[in-house]
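>>> no sequence on this one, just coordinates:
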């Protein structure tokens with residue numbers, strides 16, 4: 001092997017090592033930023049919500065399921081009626097729920113409607129209490145508390161679509 005070849009391969013190895021270390025440093029910095037953002041969001045959710053809502057919903061599921069409901073969003077001194085519909089994967093049963101929700105990171109009414117995703121688990125046999133949390137693509141978070149009636153076992157992924165009533 002010639003000296004040029006050895007020098008060239010050594011330089012390539014050094015560049016590859018430097019690139020790898022830079023990539024790890026960048027990934028670590030991105031993870032630290034994401035962790036800091038998640039911690040800041042969690043801390044903000046310990047304080048007062050940006051809005052609240054009252055809702056009524058019905059849910060039927062047999063592995064796959066559906067839900068529908070209606071409610072009223074209370075935001076910046078105004079009431080906004082809304083409807084919701086959803087799909088679930090996981091669980092079986094039928095429930096009717098009445099609840100309240102705290103809404104966080106809502107700065108503009110236009111950020112409320114849309115599709116929200118959440119993961120949850122619970123059971124109902126007669127009267128029950130429950131809670132769930134959902135987030136949309138605009139990072140609005142809805143944390144629900146509800147009381148319901150029915151017979152159900154749920155564990156899985158839920159997606160709800162919220163529309164402001166006209």
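In hand now; what should we look at? Note that this is a predicted model, so its numbers are computed, not measured. Numbers count the residues shown, from 1 in each chain.
>>> Surely residue 116 is in contact with residue 135?
Yes: counting by C-beta atoms under 8 Å, residue 116 does reach residue 135; the two are 6.3 Å apart. The C-beta positions use only the backbone N, C-alpha and C, and glycine is treated the same way.
>>> overlap in contacts of the two?
Shared contacts of residue 116 and residue 135, defined by C-beta atoms under 8 Å, 6 or more residues apart in numbering, comprise residue 142.
>>> Between the two, which has more neighbouring residues?
Shown here are residue 116 and residue 135; by other C-beta atoms under 10 Å, residue 116 has more neighbours (23 against 16).
>>> Tell me where the model's unsure across this protein.
Filtered on pLDDT under 70, the chain yields the residue ranges 1, 3-4, 6-45, 63, 91, 120-130, 152-156.
>>> what residues go with each domain of it?
1-44, 51-164 (automatic domain parsing).
>>> so how far does the last one reach from one end to the other?
With C-alpha to C-alpha, to the nearest Å as the measure, domain 51-164 spans 15 Å from end to end.
>>> Would you confirm that residue 110 belongs to a helix?
Yes: the assignment for residue 110 is a helix, going by DSSP: H, G, I helix; E, B strand; the rest coil.
>>> Right, I'll call it a day here.
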